[in-house]
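**Student:** return atomic coordinates for the entry below.
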Amino acid sequence: MLKIKVNDTYTFEVESKPDGMLLNGELFDWDIKAISHNQFHILYRNQSYTAEVVKADHASKAFTLKINGKLLQVQAKDRFDQLLEQMGMSNNGAVQVKEIKAPMPGLILAILVADGQEVKKGDPVMILEAMKMENIIKSPADGVVKTVKVNKGQSVEKNQVLVIF
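**Tutor:** Residues are numbered from 1 along each chain as shown. Prediction:
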């Protein structure tokens, strides 16, 4: 069973059964046809709807849908998410990173970000030369760079703070 929250206001329980989909325990009788990879045509209770998946974050099960021109924020939780929530744990996968530290001593060859810049997980942040090898330091999570604590050409020690988020 999935719990679906729409615009942080409406909550629905959706369950898939062999004879169809149940919405809040009642059979949800609809007809859906894919128009393209992210657009759909839906018939429900003799009404026609055009739906588009504007944004999909499958890891966090968060989606932005546009239905007949109206944007909806949709958050889904499966039984595992619900169980973790009941246990007081979260499974959103979001990593809170406050800083990036030098993994080894070396020389800063290039700084690829600036204060205030938004970075995504895996984006290159700087290049560190250590033992005659160039090492690309990447962002461990999504975030906004608060401060770059080093300069190009600067020598750094292991665990020295390079960037603060």
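**Student:** please count neighbours and contacts with C-alpha atoms only from this point.
**Tutor:** Noted.
**Student:** pull the number of nearby residues for residue 134.
**Tutor:** A count of neighbours around residue 134, defined by other Cα atoms under 10 Å, yields 14.
**Student:** that one and residue 110 touch, don't they?
**Tutor:** No. Counting by Cα atoms under 8 Å, residue 134 stays clear of residue 110, with 10.1 Å between them.
**Student:** common neighbours of these two, please.
**Tutor:** Among the neighbours of residue 134, those also in contact with residue 110 (Cα atoms under 8 Å, 6 or more residues apart in numbering) are 127-128.
**Student:** how does this protein divide into domains?
**Tutor:** Segmentation of the chain into domains, based on automatic domain parsing, reads 2-86, 99-164.
**Student:** please work out which of these is packed deepest.
**Tutor:** domain 99-164 (a mean of 16; mean count of other Cα atoms under 10 Å).
**Student:** so residue 158, which state does it fall into?
**Tutor:** At residue 158 the chain is in coil, as set by DSSP: H, G, I helix; E, B strand; the rest coil.
**Student:** ok, it - contacts?
**Tutor:** Counting by Cα under 8 Å, 6+ apart, residue 158 touches 101-105.
**Student:** save those as a markdown table, and put in pLDDT too.
**Tutor:** Converted to a markdown table, the contacts of residue 158 look like this (pLDDT from 0 to 100):
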| residue | pLDDT |
| --- | --- |
| 101 | 93 |
| 102 | 92 |
| 103 | 91 |
| 104 | 92 |
| 105 | 95 |
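**Student:** tell me which of the residues you listed fall in strands.
**Tutor:** Among those, DSSP state E puts residue 101 in strands.
**Student:** I'd like the average pLDDT over stretch 60-68.
**Tutor:** Stretch 60-68 shows a mean pLDDT of 92.
**Student:** same question, stretch 22-37
**Tutor:** The pLDDT scores in stretch 22-37 average 90.
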